[in-house]
Structure formats: C-alpha cells, structure tokens
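1. have a look; sequence and predicted model below, questions after that.
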Amino acid sequence: MQDKLIIFDTTLRDGEQSPGAAMTKEEKLRIARQLEKLGVDIIEAGFAAASPGDFDAIHSIAGIIKESIVCSLARASENDVRRAGEAIKPARKGRIHTFIATSPIHMENKLRMTPDQVVERAVQAVKWAKEYTDDVEFSAEDAVRSEMDFLVRVFDAVIQAGAKTINVPDTVGYSIPALWGERIKQLIERVPNSDKVIWSTHCHNDLGMAVANSLAAVMNGARQVECTINGLGERAGNASLEEIVMAVKTRKDIFTCDSRVDTTQIVPTSKLVSSITGYPVQPNKAIVGANAFAHESGIHQDGVLKHRETYEIMRAEDVGWNANKLTLGKLSGRNAFRTRLKELGIELDSEDALNAAFARFKELADKKSEIFDEDLQALVSDEIVSEAGENYKLVYLNVCSQTGETPHARITVLDNSVERSAEADGGGPVDASFKAVERIAESGAELLLYSVNNITTGTDAQGEVTVRLSKGGRIVNGQGADTDIVIASAKAYLNALNKLHSKLERAHPQV
Ligand code: KIV
Ligand code: ZN
C-alpha cells in the first residue's frame with residue numbers, strides 16, 4: 001500500500017512573492033481553477049492580511065474551488081489569523097497556515113522576542129485559527145537555522161494546541177539533502193504525538209537544492225510537500241511541483257508514496273502560470289522546458305526510435321506535452337468558442353466580454369491558420385486585462401524599420417478615453433515604440449526586462465512579450481501577445497504601465 005503524498009501548491013502565495021509576479025484577482029482565479037484541475041490537494045491562495053485585494057482574491061477562490069483545500073497564510077498575530085479565517089469562510093474545505101520564526105537570528109533581530117514569547121505566540125495563533133477551522137497548519141520559519149531542541153519544544157506545544165500539519169521550512173535555501181532528511185527524521189522521532197500530524201516540508205532554491213531537499217524529507221517521513229509551478233517564488237524560488245510529482249511517480253521503486261496529481265495537466269498549468277506572471281520557463285528546465293523531451297544527438301535519436309526507453313525515463317504525453325489540441329479555426333462559431341473556453345476553465349463574466357474575445361479570435365484566425373489552446377489563453381488574458389479597466393490601451397501603431405534607416409514609430413493610445421499620439425526614433429522597432437509610448441505616458445519607469453517567447457510553434461505563432469518595469473520601489477510585469485511581436489511589445493509595455501498605475505499596495509508576510 002502506498003502512502004499519499006499531499007501536494008500543497010503555493011504558487012499564488014510564495015510564487016507571487018517573486019518580483020513583479022503580483023497577480024490580479026481574475027488571474028488568480030484562473031490559476032486556481034487550473035490547479036484544481038491538476039489535482040493539487042491544497043491551494044495556498046494568498047496572504048489575507050496583505051491587502052484588501054489579496055483578501056478578496058482568497059475569498060473568491062474559496063467560493064469556487066470544490067475539490068482542493070483553500071488555504072490562507074497568516075503571521076502569528078490575531079489580526080492576521082482572523083483575516084485568514086474570514087477569507088477562507090466560503091471554502092468547502094478551508095485551512096489556515098500560521099507561522100512564526102524560530103531561529104535565533106530571526107527571533108533576536110526580526111521579531112525581538114524571547115524563545116518563551118515565541119512559543120506562547122505560536123500556541124495562541126493556533127488557538128485563534130481553530131476558532132475558524134479544524135485544519136490548521138503551523139510553520140516554524142527558518143527551521144533550517146533553528147535549534148533542534150527548540151523546534152521540538154515549539155512543535156510539541158502547537159500540536160497540543162491543535163495543529164494538524166507541521167511544516168518545516170528551509171526558508172533561506174541553506175540545507176543539503178542528507179542534512180534535511182536527517183532533520184525531518186529526528187523531528188518525527190523526538191516530537192511527542194508526531195504520528196498524529198502530517199509532516200510537511202517547504203524548501204527554497206537558493207543553492208539549487210529545493211527539490212532534492214524536499215525529496216529527502218519525503219524519504220524520511222514527510223507526507224506533504226509545499227511547492228510551486230515552475231519553481232516560482234522568492235529569490236531563487238521554491239521547490240518545483242512538476243519535478244517533485246514526476247520524481248515520485250517515476251521512481252516508484254524508491255518512494256513509498258504517490259500524489260493524486262493528473263500529470264497530463266502539468267504542461268498546460270506551467271504555460272498558464274508562465275504567461276500570467278511573465279516568468280518564462282527556461283528551455284532546459286526539467287519536465288516543462290521546451291527541450292525537456294527533445295533529443296538532439298544522432299545517437300540519442302537513433303536509440304529513441306529503436307526503443308523509446310533507451311533515453312527516455314518519462315513519456316512527454318504523460319506530463320501534457322502535445323496535449324495542445326488544434327482547437328478552432330476560421331470557421332468556428334461563437335458556441336464552439338464559448339465551449340472550448342469553458343473546457344479550459346475560463347469564464348468571462350459578461351456577454352460583452354465574450355463578444356469582444358470572440359471578435360479578437362476571428363481577427364487572430366485571419367492571421368493564423370491553426371489556433372491552439374495556448375492562443376486562446378493568451379487572447380483571453382488580454383481580454384481580462386481590458387475588463388479590469390485600463391488607463392492605456394493601444395489604438396494604432398505604425399513602425400518603419402529598414403536597412404540603413406533609423407527605425408521610427410508612430411503610436412496612438414487611448415489614455416483614459418482620450419486618444420493621444422506620439423512619434424519617436426529608436427535603436428530598433430521595439431525601442432522606437434517604447435520611446436513613443438513614453439512620450440505620452442512620461443512614466444519615467446526603468447525597464448528591467450524585455451523578453452519574447454513564441455506561444456506555439458511556426459513563424460505565424462503569436463509572440464508573447466514580457467516587460468518588467470520598476471518605479472518608486474515597485475516592480476511590475478506586463479504581458480502582451482500578438483502575431484506581430486512589435487505590437488505585442490507595445491501592448492506589454494502599456495500593460496505594465498497600467499499595473500504601475502493600479503497602485504496595488506501589499507504587505508509582505510516575512511517583513
Ligand atoms: O519560506 C518560508 O519560510 C515561508 C513560510 C511562510 C512557510 O514561506
Ligand atoms: Zn517560502
């Protein structure tokens with residue numbers, strides 16, 4: 001009999017702590033629906049006390065998700081825990097995840113609390129949380145640098161107070177697999193009533209060992225892993241969900257547990273998260289990178305053709321590659337369009353939004369003969385952005401770029417319902433377009449990143465552009481998609497400016 005490995009996805013919370021990855025409520029709802037389809041056990045939907053926007057997103061996710069548990073993070077303070085409790089109220093299954101730091105360096109310098117005060121607060125936080133739900137998780141932040149005896153004391157106290165899951169985080173990505181596995185093993189041996197709770201691990205990737213450390217924890221008794229799609233997260237990120245799930249599934253010979261994840265949904269989920277957050281997936285990334293199943297050398301190709309398993313330990317189709325069905329074409333009608341969106345878990349909340357998206361679909365179908373699910377995702381992302389209300393919207397763009405001439409852009413933008421135009425020269429067509437936009441917006445924002453990815457294959461594929469801007473300490477990512485990458489770039493720049501304008505202020509849980 002195999003144990004169950006509980007998959008706790010924190011893409012919408014820890015993942016969202018990546019610079020510029022802040023998501024709107026609509027974007028979070030789309031990812032939450034897809035995570036449910038993927039079959040994750042717990043969706044950490046956010047940190048309710050961070051902002052009214054975060055609270056609202058968690059509350060809405062709790063209202064629509066039926067299969068997965070919906071969780072909110074809360075620092076060990078009464079206000080945080082009560083906000084989390086209110087946010088998860090509509091959930092069929094809700095969890096509060098409360099935490100406090102337990103390492104000497106954090107207790108002395110950040111919390112300015114004594115160890116006794118930390119234990120008392122941790123217990124109190126669990127008790128507040130129990131007023132809202134029986135499903136309470138406790139985390140000892142920076143457990144990696146905490147003293148073993150103190151961890152045992154804190155965990156014993158919170159289990160007595162009613163915590164059902166005990167999470168052991170390597171907050172700073174400092175451990176190595178042998179040590180992390182040993183730490184989990186010792187905790188399970190030493191903490192009284194350890195068999196009454198689920199042991200969990202949460203590893204960061206600062207030394208590139210988040211997945212290896214998480215798996216070492218699993219081999220030593222952890223039965224919940226906290227992870228994110230594409231390994232998104234603070235600094236170097238969290239353990240990547242797809243790698244954990246596929247490692248456990250592929251090496252059934254050494255793991256005595258398995259998850260209930262529908263692995264064929266892994267690639268579609270990875271693409272959705274990448275397109276919404278603007279964090280591209282590196283081509284050689286395990287499982288979800290574009291080259292993860294590509295055999296370049298002749299010897300490998302020959303081997304795979306003769307017998308697939310000579311060089312492949314997993315099947316591309318099992319993780320959702322090639323799942324992108326040819327969806328719709330030029331002649332498809334509104335009903336087929338609506339039905340496919342529904343199957344993709346996309347719900348536009350008004351007939352007007354559906355009509356506008358359908359009009360854009362027809363425009364796209366004129367330019368591109370085959371339309372795939374990824375094209376629809378990108379198209380609808382644009383539509384949701386428009387629905388959310390924009391300051392700036394692209395009306396017209398004309399760019400001249402020819403050998404021996406300075407590229408020149410002329411642009412018209414709807415600026416809060418007023419059409420404004422500008423022109424500029426640039427080093428290239430994209431540079432000229434951005435300069436023309438800046439003549440109108442005068443944002444003074446600094447461009448931190450510009451990247452282009454093709455959504456599907458072929459030269460008629462849509463280009464998906466990410467633009468990362470920084471201003472006044474805030475960092476935002478803007479996205480735009482179009483078969484013309486200069487237009488996609490201008491849309492991405494305007495989308496980033498719109499996000500800068502939205503003045504979304506949020507608290508950070510660990511500050
Ligand atoms: O990295 C960390 O310690 C966390 C906790 C809040 C679990 O994200
Ligand atoms: Zn974390």
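-> Perfect, thanks for sending it. Ligands and ions are numbered 1, 2, ... in the order given.
2. okay, CA-based contacts and neighbour counts for the rest of this
-> Noted.
3. what is the burial count for S200?
-> If you count neighbours by other CA atoms under 10 Å, S200 ends up with 27.
4. and S421, how far is that from H408?
-> S421 is 14 Å from H408, where distance means CA to CA, to the nearest Å.
5. and those two? which has more neighbours close in?
-> Between S421 and H408, counting by other CA under 10 Å, H408 is the more crowded of the two (23 against 17).
6. for the residue lying closest to the more buried one once chain neighbours are set aside, what are its contacts?
-> Excluding the flanking residues, the one nearest H408 by CA to CA, 6 or more residues apart in numbering is D425, at 4.4 Å. Applying CA atoms under 8 Å, 6 or more residues apart in numbering to D425 gives the contacts 406-409, 431-432, 435-436.
7. which pLDDT value belongs to D425?
-> On pLDDT, D425 comes in at 97.
8. tell me the phi and psi of it?
-> phi -90, psi 160 (degrees, to the nearest 10).
9. just the pLDDT for the residue of the chain found nearest ligand 1.
-> In the chain, the residue that lies nearest ligand 1 is T171 (3.7 Å; CA to the nearest ligand atom). For T171, the pLDDT comes out at 98.
10. what's the answer for the one 4 residues further on, then?
-> Among the per-residue scores, S175 shows a pLDDT of 98.
11. what helix or strand is it on?
-> Counting by DSSP states H and E, no helix or strand carries S175.
12. A143 is in contact with that one, correct?
-> No: counting by CA atoms under 8 Å, S175 sits too far from A143 to count as a contact (10.3 Å).
13. just give the closest residue to the residue positioned nearest the centre of the chain, not the sequence neighbours.
-> Centroid-nearest residue in the chain, with CA atoms, centre = their mean: T11, separated by 3.7 Å. In this structure, T11 finds its nearest non-sequential neighbour in T228, 4.6 Å apart by CA to CA, 6+ apart.
14. before we move on, the earlier item: quick one, phi/psi of the residue nearest to the residue of the chain closest to ligand 1 when sequence neighbours are not counted?
-> Leaving aside its chain neighbours, T171 sits nearest to D142 (4.9 Å; criterion: CA to CA, 6+ apart). According to degrees, to the nearest 10, the main-chain angles of D142 amount to phi 60, psi 40.
15. neighbours of D142, how many?
-> Neighbours of D142 (other CA under 10 Å): 21.
16. wait, it sits on S103?
-> Yes: taking CA under 8 Å as the definition, D142 is a contact partner of S103 at 5.9 Å.
17. sorry, back to before: mind checking pLDDT for the residue nearest to T11?
-> With respect to pLDDT, T228 has a value of 98.
18. that one and L500, how far apart?
-> When CA to CA is the yardstick, T228 and L500 sit 25 Å from each other.
19. looking at these two, which is more packed in?
-> Neighbours were counted for T228 and for L500 using other CA under 10 Å; T228 has more, 29 against 21.
20. correct me if wrong: D3 contacts D258.
-> Yes: between D3 and D258 there is a contact under CA under 8 Å: 6.6 Å.
21. now the helices for the stretch 101-250 of the chain?
-> Here the stretch 101-250 of the chain has its helices, by DSSP state H, counting those that start in this stretch, at 104-106, 115-130, 148-161, 177-190, 210-219, 241-250.
22. what of the stretch 251-400 of the chain?
-> With helices called from DSSP H, counting those that start in this stretch, the stretch 251-400 of the chain shows them at 266-277, 298-306, 334-343, 351-367, 373-387.
23. which residues touch the first one?
-> This means helix 266-277. Helix 266-277 is contacted from outside by 20-23, 27, 31, 34-35, 38, 229-230, 242, 279-281, 288, 319-321, 324, 374, 377-378, 381, 464, 477, 479, using CA under 8 Å, 6+ apart.
24. average pLDDT for that helix, rounded please.
-> Rounded mean pLDDT across helix 266-277 is 92.
25. same check, this time on the longest one
-> Mean per-residue pLDDT for helix 351-367: 86.
26. in it, what counts as buried?
-> Residues of helix 351-367 classed as buried: 353-354, 357-358, 360-362, 364-365 (neighbour count, 16 or more other CA atoms under 10 Å).
27. that one: how far from the chain's middle?
-> Centroid displacement of helix 351-367 relative to its chain, using CA atoms, centre = their mean, to the nearest Å, is 27 Å.
28. do the same with the first one
-> Its chain's average C-alpha position is 8 Å from that of helix 266-277, according to CA atoms, centre = their mean.
29. got the confidence number for G463?
-> Among the per-residue scores, G463 holds a pLDDT of 87.
30. over to G389?
-> 59.
31. got it, and E296?
-> In this model, E296 carries a pLDDT of 64.
32. D382 now?
-> D382 is given a pLDDT of 67.
33. ok, E16 next?
-> On the pLDDT scale, E16 is placed at 93.
34. tell me how many other residues surround it.
-> E16 is flanked by 21 other residues according to other CA under 10 Å.
35. only C-alpha atoms, please: export stretch 211-224 in CSV.
-> Output of stretch 211-224 as CSV, limited to C-alpha atoms (Å, rounded to 0.1, in the frame of the first residue of the first chain):
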residue,chain,number,x,y,z
VAL,A,211,13.6,19.7,-4.9
ALA,A,212,16.4,17.4,-3.7
ASN,A,213,15.9,18.6,-0.1
SER,A,214,12.1,18.1,-0.4
LEU,A,215,12.5,14.6,-1.7
ALA,A,216,15.0,13.8,1.1
ALA,A,217,12.3,15.0,3.5
VAL,A,218,9.8,12.7,1.8
MET,A,219,12.2,9.7,2.1
ASN,A,220,12.4,10.4,5.8
GLY,A,221,8.7,10.6,6.6
ALA,A,222,7.3,14.0,5.3
ARG,A,223,3.9,13.4,3.6
GLN,A,224,3.2,17.0,2.5
